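[1] Coordinates for the following, if possible.
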Amino acid sequence: MAQTEGKIFNVGVIGYGMSAKIFHIPFIAATPSFFKLHSILQRNPQPTSSAPADYPEGVQHFRSAEPFLADAALDVVVLTTTPDTHFALTAQALRAGKHVLVEKPFVPTSAEAAELDRLAAEQGKLLCVYQNRRWDADFLTVRSLLASGALGRVYELDTHFDRYRPSAPAAGNWKGELPLARGGTALYDLGTHLVDQAYTLFGLPTGVFARLLDQRSGRALGPDDAAVEPDSVDMQLFYGPKLTVHVRIGVLSAEARQPRFWVRGSEGSYRKAGLDAQEDQLKAGVAIADARFGLDADESWHGSLVTVGADGEVTERAYPNVEPATYKRIYELFGEALRGKGPVPVPASEARDVLRILEAAKESALTRREVALS
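    Model prediction:
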């Protein structure tokens, strides 16, 4: 890689929906020692959503990929379009000599992920996947607890992304319209996050069993109903006989406090309710530099830690999240990698492994059996 010590990388964003506006452009702006917003490719600006109107100065605007990628000053492409477009656009950007950061879900298949990983190596460019929830404060708290050994030997972890949303997403939203075969549905949208977190903690499971459900209509993907597009997931990841991870996503969860984590070990357990605060804060306009950013709303949302003492006495106490690193960290780590000072924070090879798990979940649902992973 060419000398990049101290270089500020020009970033071009493809797509201008919620992902670009909420999860990427603010963090590009928040990491000026690494990145500068250089250009935006928005094919069809609208009066209610227009990159040229929002950034009239200092940013170049494009409506097609060819001139956008032909810009010699462009260093890094951030891809925020729908997952069924990711393979072709990522390959095009890599062949144009650009580094690429791809929104999750990476691509619809593990084979496509492996091919892009190979292509990036061939082109000598860095390829990173935006698995931002590795930097959720509650997940980092779980990771810290496991590393500390405070729970003893962990034998079970429940991870949830439950909501009460009895109505399907509005028309025009890919999360409600893109089919399973093209990287859509709850399995790829939210399952990617939860499975990636499990993979980060424990690696590839030895086996997967899953039910992929349409809770709103009361149907399940299976040999007798292969057309189901799931809005919900009930998955088990087996790590031999010693550990089981339960992955649950639901849209009809009528709870005042939605469950998030429940980790059980031989010497203790940890429970946490409520989703990480960052997404809602970003949508509400809370600044990344705000002291409240990434923190739970108040102490009532702290987790609960139960430990067993040497005398066998069980003690329970409130357990707040660790200091949030926030999603800014993935951009900082990617910037360091671009300067040759560390690894890509979420390499394509890891995203490929997560896709292998999701593919095993689909196979399990269709065959109603556990699927082994090597």
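[2] pLDDT weak spots in the stretch 101-250 of the chain?
    Counting by pLDDT under 70, the stretch 101-250 of the chain contains no low-confidence residues.
[3] So which residues of it form helices?
    Listed in chain order, the helices of the stretch 101-250 of the chain (DSSP state H, counting those that start in this stretch) span 110-123, 137-148, 174-177, 185-189, 191-202.
[4] Of the ones you listed, which stretch is the most buried?
    Compared across the helices of the stretch 101-250 of the chain, helix 185-189 shows the largest average neighbour count, a mean of 25 (mean count of other C-beta atoms under 10 Å). Heads up, the C-betas are built off the backbone N, CA and C, glycines and all.
[5] other SSEs contacting that one?
    Applying 3 or more C-beta pairs under 8 Å, 6 or more residues apart in numbering; DSSP states H and E, one finds that helix 185-189 contacts strand 232-239, helix 348-367.
[6] And the strands in the stretch 201-350 of the chain?
    Ranges of strands in the stretch 201-350 of the chain, per DSSP state E, counting those that start in this stretch, are 207-214, 219-220, 232-239, 243-250, 259-265, 268-273, 303-308, 314-319.
[7] re earlier: can I get the helices of the stretch 101-250 of the chain in JSON lines including distance to A88?
    Formatted as JSON lines, these follow (distance: least, C-beta to C-beta, whole Å):
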{"stretch": "helix 110-123", "distance to A88": "10"}
{"stretch": "helix 137-148", "distance to A88": "31"}
{"stretch": "helix 174-177", "distance to A88": "16"}
{"stretch": "helix 185-189", "distance to A88": "17"}
{"stretch": "helix 191-202", "distance to A88": "19"}
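[8] quick one on the thing from earlier: which of the helices and strands packed on helix 185-189 sits closest to D298?
    strand 232-239 (29.4 Å; C-beta to C-beta).
[9] hmm, back to that, now tabulate the strands of the stretch 201-350 of the chain in a markdown table and tack on mean neighbour count.
    Formatted as a markdown table, the strands of the stretch 201-350 of the chain follow (neighbours: other C-beta atoms under 10 Å):
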| stretch | mean neighbour count |
| --- | --- |
| strand 207-214 | 22 |
| strand 219-220 | 16 |
| strand 232-239 | 22 |
| strand 243-250 | 21 |
| strand 259-265 | 20 |
| strand 268-273 | 22 |
| strand 303-308 | 18 |
| strand 314-319 | 12 |
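[10] For V129, find the nearest of these.
    strand 243-250 (18.6 Å).
[11] So what touches the closest one?
    Strand 243-250 has contacts (C-beta atoms under 8 Å, 6 or more residues apart in numbering) with 154-163, 186, 190-191, 194-195, 198, 202, 205, 215, 232-239.
[12] which one of the strands of the stretch 201-350 of the chain lies closest to I28?
    Taking C-beta to C-beta, strand 259-265 is the member of the strands of the stretch 201-350 of the chain nearest to I28, at 28.3 Å.
[13] what lines up beside that closest one in the sheet?
    Counting by DSSP bridges, the strands paired with strand 259-265 are strand 154-162 (antiparallel), strand 268-273 (antiparallel).
[14] L37 is in what secondary structure piece?
    Here L37 sits within strand 35-41, counting by DSSP states H and E.
[15] List the contacts of that strand.
    Counting by C-beta under 8 Å, 6+ apart, 8-16, 20, 25, 28-29, 51, 55, 58-65, 68, 71, 73-76, 331, 335 sit against strand 35-41.
[16] can I have that strand written out in CSV, keeping just the CAs?
    The C-alpha coordinates for strand 35-41 follow below in CSV (Å, rounded to 0.1, in the frame of the first residue of the first chain):
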residue,chain,number,x,y,z
PHE,A,35,-12.0,11.0,6.5
LYS,A,36,-13.6,13.8,4.5
LEU,A,37,-16.9,13.5,2.8
HIS,A,38,-16.0,14.0,-0.9
SER,A,39,-18.9,12.9,-3.0
ILE,A,40,-22.4,11.4,-2.9
LEU,A,41,-24.0,9.2,-5.6
